[in-house]
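Student: Just need the structure, nothing else, for what follows:
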Amino acid sequence: MDEAFVGVDVGTGSARAGVFASDGHLLGYAKRPIALWREAGDIVEQSTADIWSAVAAAVREALAAAKVAPSSVAGIGFDATCSLVALDANGAPLPAGTSDDPARDVIAWMDHRAVEEAGDINRGGHEALRWIGGSVSPEMQTPKLLWLARHAPSVFARARHFFDLTDFLTFRATGSAARSLCTVACKWNYLAHEGRWPLEFFDGVGLGALVRPGLARIGAEIVAPGVALGAGLCAAAAEAFGLPIGVPVGAGLIDAHAGALATLGASLGEEADPRRRIALVLGTSACCMALSDTARFVPRAWGPHYSALTPGQWLVEGGQSAFGAAIDWLTTIVPSYVDPLRGGLDFARLERELVARAGGASAAALLARDLHVLPDFLGNRTPYADPAMRGAIVGLDLRDDRESALALYAAVLSGLALGLDEIIRSLEAGGYGCDMLIASGGAAGSDLVRQIISDVTGKPIATPETSEPVLLGAAMLGATAAGRCSITQAMGTMSRLNIANRPAGGEIAALHARKRLAFETLRHAERRVREVMHSDEAGGAIGLAAPRPRRKIAWPALIIFDCDGVLVDSETIALARTRAALERYGLSLSLEETGERFLGVSAQSMQGMAERDLGVAL
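Tutor: As a prediction, this is how the structure comes out:
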């Protein structure tokens, strides 16, 4: 048969493998569970031995399901969560915490043990923080490394390799210790636009031992995603996977970024412009990613990162720490929908009944008119970068029937969508255009989830034709490593989209506008409650990252806007939007020319002037 490419994805709870044809069609798929240890203090750990075993089994099963000969596999790519791996000089695992169990050598991405360390780093005012939205998250690697240096110094001293989980997988597969530009730029404070590790930053935060002497412990060789590593699959990995030695292996991606790779440039019947799309990767957490040709800074969004996804472009990322995890949390409070055979929440049954009772997916939100959810159960990534923020529910009563369960589910989905809306609005305010959202990940398979997001954001949503976009993104890395295409070519030729959802408008849009106001009120209240509970009688703060004195808050009785005391110069915004719209029709004007022609001119007059210049009707 024709060539095939393998994509491997390691998520929070499973390792998955997919075999794809050269045109991106899925030929075979397999999934294996992986273990997770949780302890007090927000500690979450995993095992590389367990992960590698699951990966190998999944690859073999996927190949069998695809019915392809091992010799037809031309390339393989990996993606994984941004978890931290510690190995000694011989490549043997080291305990990732205080358990003294070397089998637990992975600090999972969602582990929040390093909140204090993240706060210490952020208070340093380091220049390197500018490229990750102004602050590190405890989910990133430098706070976790600082935690190890402080709380497990013997492990920190013995470790000769600290890997992002993706880079560990390619290391295990090829023997190459090269790191992906994606992982180190997005999670390790590597300055991709300068092509260097910020030595002054590591010295300043107390991690100078990682960069002196040499950089081998965190990555002396940094390569772009998809670059072929070493001599391909090493003998041990080839045997474990049932593949030939030497199959090209591409430098990997973080899991959400693999989903973005497979969707941002996907075909929709015409040439796609990835810069006009935002990728939504809806997994255990949620990520919103956008591309631009120039560096654009969005407060408290991660990035901009140069060439971290596509060569020569800048990537920015916002996200929610809990998305699918927040939905799964319903299992504990909606027992009437728990499947007794599988032990989990029967979401398909829940959604079918909810849509049927409401009379449609958009109308489902009407059941949650008076029930409001703040979904920051694991803190807030974007747009507040506040790991101490927590979730809340307002509007609960004592009912315990199916209708109340349906309303709560609709309220959770609405709250999650409002959180995504905040992120998307912040990206647009930073200059990132968005004509369409491209949804992938496990939760994106739900039409109800997508429709509520579309209604809340007012954006159409497309979905990839493939059922496994994250795996396809990993397989694209394999195709690139094999020399069959470039990263950008793979985006356009191996993936296709379908328009799945459009915003309802009307009564539904008005409902979500009111719920947005309620959401913002709830967010302010949650923050104020924390301030109150962490303040002593004299007003001093206890344990807050940014203490503020207690003061009486007085809302103004009146705000007057006039034409001379301008607070928001909307003319400049309108002119920039006008210029961008005209460029799409072929009329290119400088900012100065746009102002000379259209400043103070009505929209109707602008259209007439533009039509005369272009000779066409707009």
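Student: how long is stretch 428-442 from one end to the other?
Tutor: 25 Å (Cα to Cα, to the nearest Å).
Student: Can you mark which positions in that stretch are buried?
Tutor: Neighbour counts over stretch 428-442 (16 or more other Cβ atoms under 10 Å) mark 430, 432, 434, 436, 437, 438, 439, 440, 441, 442 as buried. (Each C-beta comes from the backbone N, C-alpha and C, glycine too.)
Student: Kindly report the same for stretch 163-174.
Tutor: In stretch 163-174, counting by 16+ other Cβ under 10 Å, buried: 163, 164, 165, 166, 167, 168, 169, 170, 171, 172, 173, 174.
Student: from the chain's centre, how far out does that stretch sit?
Tutor: Centroid displacement of stretch 163-174 relative to its chain, using Cα atoms, centre = their mean, to the nearest Å, is 20 Å.
Student: Please apply the same query to stretch 406-416.
Tutor: Taking mean C-alpha positions (Cα atoms, centre = their mean), stretch 406-416 and its chain are 21 Å apart.
Student: do the same with stretch 25-44
Tutor: With Cα atoms, centre = their mean, you get 17 Å for stretch 25-44.
Student: Strands along the stretch 301-450 of the chain, start to end?
Tutor: Taking DSSP state E, counting those that start in this stretch, the strands of the stretch 301-450 of the chain run over residues 302-306, 314-320, 372-374, 392-394, 436-440.
Student: Can you tell me what sits against stretch 59-68?
Tutor: 1, 4, 6, 8, 17-19, 27-30, 32, 70, 73, 240-243 (Cβ atoms under 8 Å, 6 or more residues apart in numbering).
Student: Could I get the buried residue list for it?
Tutor: By neighbour count on 16+ other Cβ under 10 Å, the buried set for stretch 59-68 is 59, 60, 61, 62, 63, 65, 66, 68.
Student: The fourth one sits in which helix or strand?
Tutor: By that I understand residue 62. helix 48-66 (DSSP states H and E).
Student: Show the subsequent helix or strand relative to that helix.
Tutor: Criterion used, DSSP H and E; the element after helix 48-66 is strand 73-80.
Student: helices or strands next to the helix or strand that that next one is followed by in the packing?
Tutor: Sequence order places strand 84-87 as the next helix or strand after strand 73-80, per DSSP H and E. The helices and strands touching strand 84-87, judged by 3 or more Cβ pairs under 8 Å, 6 or more residues apart in numbering; DSSP states H and E, are strand 106-107, helix 141-151, strand 161-164, helix 165-174.
Student: list the buried ones in stretch 14-31?
Tutor: Those would be 15-22, 24, 26-31, for stretch 14-31 by 16+ other Cβ under 10 Å.
Student: Can you tell me the element the residue nearest in space to the middle of the chain falls in?
Tutor: Geometric centre of the chain, nearest residue: residue 287, 2.3 Å, by Cα atoms, centre = their mean. Using DSSP H and E, residue 287 falls within strand 286-292.
Student: Repeat that for residue 588.
Tutor: Per DSSP H and E: nothing holds residue 588, as it lies in no helix or strand.
Student: How about residues contacting the strand holding residue 287?
Tutor: So strand 286-292 is contacted by 256-257, 259-260, 264, 274-275, 277-281, 304, 309-310, 313-320, 323-324, 382, 416, 419-420, 423-424, 427, 431-432, 434, 441, 443 (Cβ under 8 Å, 6+ apart).
Student: for this structure, what are the low-confidence residue spans?
Tutor: Counting by pLDDT under 70, the chain shows low-confidence ranges at 1, 330-345, 536-554, 562-568.
Student: 80 instead, please
Tutor: Within the chain, the stretches with pLDDT under 80 are 1, 98, 269-272, 329-347, 400-401, 535-556, 559-570, 600, 613-617.
Student: coming back round to it: any idea what the residue nearest to the centre of the chain is bridged to?
Tutor: residue 281, residue 319 (DSSP bridges).
Student: Going forward, the N-terminal residue is numbered 9.
Tutor: In the new numbering, first residue 9, that becomes residue 295.
Student: Between the buried residues of stretch 22-39, which sits nearest residue 610?
Tutor: residue 32 (47.4 Å; Cβ to Cβ).
Student: Distance of the closest residue to that closest one other than its chain neighbours relative to residue 479?
Tutor: Nearest non-adjacent residue to residue 32, counting by Cβ to Cβ, 6 or more residues apart in numbering: residue 502, 3.4 Å away. Using Cβ to Cβ, to the nearest Å, we find residue 502 at a distance of 12 Å from residue 479.
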